[in-house]
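Undergrad: After the sequence you'll find the predicted model.
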Amino acid sequence: MSHVYCYFANLTLDDYYKIVLATVPLLSLILMPYIQYKIAKRQIETQQQIAKRQIADSISSRRQVWIDELRRDASQFLTLLARLEELRRPAPNLCDEDQKKNFDEKAAASLSAHELGIRIKLRLNPLEKEHQKLAQLLGALGDVCIDPPLNETEKQKQLAKKNFHAAQNNVVSHIQTILKHEWERVKRGDV
């Protein structure tokens, strides 16, 4: 140890400069690959985070479109079903022309409602419990949307309206639950 000390003690200032100048490239040979590795690793992590965020944003965007389309189709569907309920019970003593108009409107509304119902069901995920329940509620709504019996009494008419509105409200309430759940997923940026 004392030999090393003696060696450094005999060095001139010029010798120290030479040692420092020789050490800097040696250190850069050792440290630069490590620094480059750390920088590259950080850039890869940043790129992965950006890619994940872009995927989440894309999915959130599609989920928002899904929400908007479900809301639009459901409102049209429920409006058409309500109109069909009115058309099934036309005013008494309609003239032939008005009966034909009523029949034509009922047929067009029925066709549109059927298409919208299928579009709604095709948007549902059969593996999600909320969506399964909506499908059941839509079925229950369909079950109360029937033509009235001949010579329907006022009591039967009021009961049919009550059952329709209850089933309709159940569907609306459950769609609101699904839309709120999906909106929360959009806000969180869930994938």
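TA: Perfect, I can see it now. Just so you know, these numbers come straight off a predicted model, no measurement behind them.

Undergrad: Can you find the helix or strand of the protein with the lowest average pLDDT?
TA: In the chain, the helix or strand scored least confidently by mean pLDDT, DSSP states H and E is helix 2-9, which has a mean of 59.

Undergrad: where along this protein do the helices fall?
TA: For the chain, the helices defined by DSSP state H cover 2-9, 13-87, 96-123, 129-144, 154-188.

Undergrad: Save the ones you listed as a markdown table, and put in mean neighbour count too.
TA: In this view, the C-beta of every residue, glycine as well, is placed from N, C-alpha and C. Shown next, in a markdown table, are the helices of the chain (neighbours: other Cβ atoms under 10 Å):
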| stretch | mean neighbour count |
| --- | --- |
| helix 2-9 | 9 |
| helix 13-87 | 12 |
| helix 96-123 | 14 |
| helix 129-144 | 15 |
| helix 154-188 | 14 |
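
Undergrad: remind me which residues of this structure are low pLDDT?
TA: Applying pLDDT under 70 to the chain picks out residues 1-9, 190-191.

Undergrad: A140 against Q168, yeah?
TA: No: applying Cβ atoms under 8 Å, one finds A140 not in contact with Q168, separated by 10.1 Å.

Undergrad: I178 versus the most centrally placed residue in the chain, what's the distance?
TA: Taking Cα atoms, centre = their mean, the centroid of the chain lies closest to R63, which sits 2.7 Å from it. Distance, R63 to I178, by Cβ to Cβ, to the nearest Å: 12 Å.

Undergrad: go on, D57?
TA: As for D57, its distance to I178 is 22 Å (criterion: Cβ to Cβ).

Undergrad: and what of L137?
TA: From L137 across to I178, the span is 11 Å (Cβ to Cβ).

Undergrad: hmm, who's touching stretch 98-114?
TA: 76-77, 80-81, 83-84, 87-88, 90, 94 (Cβ atoms under 8 Å, 6 or more residues apart in numbering).

Undergrad: Please tell me I have it right and Q76 contacts R119.
TA: No: between Q76 and R119 there is no contact under Cβ under 8 Å: 9.5 Å.
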